[in-house]
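Asker: Take a look and give me a structure for this.
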Amino acid sequence: RGAIVAIDPNNGNVIALASTPIFDGNKFTRGISSKDYALLRDDLDKPLLNRALRGAYPPGSTVKPMYALAALEHGIKDPLDSLYCRGVFFLPGSSHRFRDWKREGHGTVDMKRAVATSCDVYFYRLAELMGIQRMHEAMSGMGFGKPTGIDIGGERPGLMPSPDWKRRTMKQAWFPGETVIVGIGQGYMLATPIQLAHATAIVAARGKSFRPRLVTGIRDSKTGEVRELPPVAEKSVVLKDENNWAVIVEGMEAVTEAGGTAVVATRGAPYKIAGKTGTTTGPKDVWFVGGTPDFVAGLYIGHDKPRNLGGLQGGTFAAPIWKQFY
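Answerer: Next comes the predicted model:
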């Protein structure tokens, strides 16, 4: 069960958009029988669900670079500020343990190293310092929590939570522990593969944003003449310090280099990739997003039975598949 979306960050053109498992669409054109439709409707793998557009899942660590970018912009973190990760994080005055994915910890990490190794403790602390409201505003600016506007129907908005959202929907206050969990792309946060690919394309284009599109031109059925449609530019993400783009991209490049969580994604490749892995708990979801200045793809693979996936991670499972696609 999965999806992949590939986008050209220079114009928003969707190079590929796929969801799996698939089904035979010819049955619908001929008039599908009630029996065949029931088989598709009731299939546990949900082949009728377009996961690329409608599958909303916790994005996991794939969003850590964007949180790091927001922290730089707010002056909360300097790229060289270091933190010692011993595998566990505590909020002030609390005994609750927020564990790192690496039980023994990552040792001393700065921002680049934290992105490269996907250090949870670093981003727990960053989320605590930044606060959910600033996190919500920053990620909303990258397109999370709302449809991308792609020119095909059925897109879901995902969810970028905030204290106001929780009060409206649950009649409850927001708690600091929830901020910490959202800081590693879990908790209430949900994203679709098209959203994640779009946000990563914004990073690749250093803030320029184009609406994702499948249609680049319209052909006149009588004359055969093609009218090209211009890319739809959207509001750019403007930074106070443009150098911060380079900091984040370098961290994402380190993900695919020696010591990073997705070195397998570039082994033997003749090009450099900036990427980010993601792995979530519960129903086991693994992600990899990455690309070059001319190509960005987001890959999602999900399973409902985590016990069947063992210790698989985004870097060891999703990244190699992404490499084959590229």
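
Asker: Doesn't Trp287 belong to a strand?
Answerer: Yes. Counting by DSSP: H, G, I helix; E, B strand; the rest coil, Trp287 is part of a strand.

Asker: how near is it to Thr277?
Answerer: Distance of Trp287 to Thr277, computed by C-beta to C-beta, to the nearest Å: 7 Å. C-betas here are computed from N, CA, C, even on glycine.

Asker: between the two, which one's more packed in?
Answerer: A side-by-side neighbour count of Trp287 and Thr277, using other C-beta atoms under 10 Å, places Trp287 first with 31 against 28.

Asker: Would you point out the helix or strand in the chain whose mean pLDDT is lowest?
Answerer: helix 319-325 (a mean of 73; mean pLDDT, DSSP states H and E).

Asker: what comes up buried for it?
Answerer: 319, 322-323 (16 or more other C-beta atoms under 10 Å).

Asker: and what of stretch 16-26?
Answerer: Buried residues in stretch 16-26, counted by 16+ other C-beta under 10 Å: 17-19.

Asker: Among those residues, which are located in strands?
Answerer: 17-19 (DSSP state E).

Asker: Those residues into CSV, with extra columns for distance to Ile194 and pLDDT?
Answerer: CSV is the format used below for those (distance: C-beta to C-beta, whole Å; pLDDT from 0 to 100):
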residue, distance to Ile194, pLDDT
Leu17, 7, 94
Ala18, 11, 92
Ser19, 11, 93
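
Asker: now the helix or strand encompassing Asp36: mean pLDDT?
Answerer: Per DSSP states H and E, Asp36 falls inside helix 34-42. Helix 34-42 shows a mean pLDDT of 92.

Asker: Check which element follows that helix along the chain.
Answerer: Later in the chain than helix 34-42, the nearest helix or strand by DSSP H and E is helix 51-54.

Asker: can you list contacts of whatever helix or strand comes next after that next one?
Answerer: Downstream of helix 51-54, the next assigned helix or strand under DSSP H and E is helix 64-73. With contact meaning C-beta atoms under 8 Å, 6 or more residues apart in numbering, helix 64-73 is reached by 77-79, 111, 114-115, 118, 123, 126-127, 129-130, 134-135, 138-139, 142, 183-185, 199, 203, 239-241, 244-245, 247-248, 251-252, 276.

Asker: hmm, try it at 6 Å
Answerer: Outside helix 64-73, the residues that touch it by C-beta atoms under 6 Å, 6 or more residues apart in numbering are 77, 111, 115, 123, 126, 130, 138, 142, 239-240, 244, 248, 252, 276.

Asker: List the buried residues in it.
Answerer: 64-73.

Asker: picking that back up, can you list the contacts of helix 64-73 in TSV and add neighbour count?
Answerer: Listed next are the contacts of helix 64-73 as TSV, based on neighbours: other C-beta atoms under 10 Å:
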residue	neighbour count
Lys77	22
Met111	27
Val115	29
Phe123	27
Leu126	25
Met130	20
Ala138	20
Met142	22
Leu239	15
Lys240	10
Asn244	19
Ile248	25
Met252	26
Lys276	35
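
Asker: ok, Leu126 - contacts?
Answerer: With C-beta under 6 Å, 6+ apart, Leu126 has these contacts: Ala71.

Asker: between the buried residues of helix 64-73, which is nearest Pro270?
Answerer: Pro65 (23.9 Å; C-beta to C-beta).

Asker: Much appreciated, bye for now.
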